[in-house]
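> Take this sequence and fold it.
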Amino acid sequence: MLFRSRERIEYEFYQFLASEGDSIIVAKRTGRCFPPVEKELAKAGLPDDLKYMLLVESKCVAAAYSRKRASGPWQFIRSTAKRFKLKSNKWRDERRNLELSTEAAIKYLQHLHDIFGDWFLAMAAYNAGEFKIKKKLKAQKIDDYWKLHTVRETMRYVPRVIAAKEIFSQPEIYLGLTRE
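Alright, predicted model coming up:
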């Protein structure tokens with residue numbers, strides 16, 4: 001099991017590094033998008049590593065928009081945004097505001113962790129939706145993300161966050177960049 005988990009993370013690691021130019025741009029963006037997120041995660045008592053979800057979700061792009069109509073740096077769909085008090089209409093979309101969407105993401109992640117008691121499962125549920133993950137866990141009679149079989153995107157999600165942490169916490173090693 002450990003070998004397969006490591007292999008999944010390595011695959012995502014090399015996927016990030018396959019486009020070195022894109023990875024360098026993303027690394028530079030972390031300088032402006034990580035500090036306010038780190039502050040809020042610390043204030044909420046959540047793991048600092050959750051900030052790497054931003055790289056997987058949107059590459060720290062406030063205007064990011066997905067095929068599933070998720071928007072903003074934390075990629076909220078309208079229903080989840082509304083649930084966590086983010087306003088979205090034709091004039092204003094708070095999903096695209098880093099500070100407001102970070103507050104909502106923190107509340108959502110706390111809620112998911114309360115349900116699953118595990119950060120890997122909480123991240124998977126953030127990606128796929130809590131009801132889908134609950135249903136899969138129950139059907140498969142498991143409670144471990146690394147044993148979960150679900151759609152490819154969610155199977156890749158946590159390994160991508162882990163790979164992002166490895167690369168972007170040490171850009172001098174992997175991308176030849178200095179901290180400055």
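
> so where's the longest helix in this structure?
For the chain, the longest helix by residue count, based on DSSP state H, is helix 20-44.

> helices or strands next to that helix in the packing?
For helix 20-44, the contact count by 3 or more Cβ pairs under 8 Å, 6 or more residues apart in numbering; DSSP states H and E identifies helix 53-57, helix 98-116, helix 152-168 as packing neighbours. Placement of C-beta: from N, CA and C, glycine included.

> Now with 6 Å, please.
Applying 3 or more Cβ pairs under 6 Å, 6 or more residues apart in numbering; DSSP states H and E, we find helix 20-44 packed against helix 98-116.

> For the helix it packs on, name the packing helices and strands.
If contacts are counted by 3+ Cβ pairs under 6 Å, 6+ apart, helix 98-116 sits against helix 20-44, helix 119-128.

> Single out the most deeply packed of these.
Comparing those by mean neighbour count (mean count of other Cβ atoms under 10 Å), helix 119-128 comes out on top with a mean of 23.

> For the helix or strand just after that helix, the averaged confidence score.
Following helix 119-128 in sequence order, the next helix or strand is helix 130-140 (DSSP states H and E). Helix 130-140 comes out with an average pLDDT of 97.

> try stretch 153-165
Looking at stretch 153-165 alone, the average pLDDT works out to 96.
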